[in-house]
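In: build me a structure from this.
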Amino acid sequence: MFLAVTGFAILRLHSLFAVVMLSGVYSLIAAAMFVALDAVDVAFTEAAVGAGISTVLMVGALSLTKQREKIPVHTPLLPMVVVLVTGAALIYGTFDMPNFGDPDAPANRYLVDRYIQESPKEIGIPNIVTSVLASYRGFDTLGEVTVIFTAGVAVLMLIGGARRRRRPDSRAGPEATRE
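Out: Below is the predicted model:
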């Protein structure tokens, strides 16, 4: 319920700073939900990336924009249709998923037993969660870190470019200012 209320508030606000802050709150609520579901590793990632890094990057991006969202002059019918079609496709995709906690689900029948029995021998790491995240899903984790790093560099380049454009060129002589 808190996630739905926060998401609705994000949609209704026009202050970009308030939207960024509520996005961080949304991520913290999602992290708390993951802790309640005993997915502490996912909760930690959501808190660090969603509430931490993403919020910092969005606040940095706000330095390049205005304070308030530009109000559209037309009705956003096309974006609403795209969202509804995408949502319907995602919901349709969930019909084929196994029930939550189903012991006969493929992930519980094959992968869990293999990770529990083989990961200490294959990887040499006694903690199963660490072995899954660091080794079996190593490329996925590397991809996530690469995306975060690239986003951070892009924001720093945007902020640096804006500062350079605002600052007068000190190397230009008086004749440059006369033109």
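In: buried residues, stretch 52-67. List them.
Out: By 16 or more other CB atoms under 10 Å, the buried positions in stretch 52-67 come out as 54-55, 57-58, 61. No exception for glycine: its C-beta is placed from N, CA and C like everyone else's.
In: which outside residues touch it?
Out: Residues outside stretch 52-67 that contact it (CB atoms under 8 Å, 6 or more residues apart in numbering) are 15-17, 20-21, 23-24, 27, 148, 151-152, 155-156, 158-159, 162.
In: about what we covered before: in TSV: the buried residues of stretch 52-67, plus distance to Gln67 and pLDDT.
Out: Converted to TSV, the buried residues of stretch 52-67 look like this (distance: CB to CB, whole Å; pLDDT from 0 to 100):
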residue	distance to Gln67	pLDDT
Ser54	20	84
Thr55	17	86
Leu57	18	83
Met58	14	85
Ala61	13	83
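In: nearest to Ala48 among these?
Out: Ser54 (9.5 Å; CB to CB).
In: what helix or strand is the closest one on?
Out: In this assignment (DSSP states H and E), Ser54 forms part of helix 54-62.
In: just the CA trace of that helix, in PDB.
Out: C-alpha atoms of helix 54-62 as PDB (Å, rounded to 0.1, in the frame of the first residue of the first chain):
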ATOM      1  CA  SER A  54      20.100   6.800  -8.200                       C
ATOM      2  CA  THR A  55      18.900   9.600  -5.900                       C
ATOM      3  CA  VAL A  56      22.400  11.200  -5.900                       C
ATOM      4  CA  LEU A  57      22.600  11.000  -9.700                       C
ATOM      5  CA  MET A  58      19.100  12.500 -10.100                       C
ATOM      6  CA  VAL A  59      19.800  15.300  -7.700                       C
ATOM      7  CA  GLY A  60      22.900  16.000  -9.800                       C
ATOM      8  CA  ALA A  61      20.900  16.000 -13.000                       C
ATOM      9  CA  LEU A  62      18.400  18.500 -11.400                       C
END
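In: next structured bit after that helix?
Out: Later in the chain than helix 54-62, the nearest helix or strand by DSSP H and E is helix 77-94.
In: report the rounded mean pLDDT for that next one.
Out: For helix 77-94, the mean per-residue pLDDT is 93.
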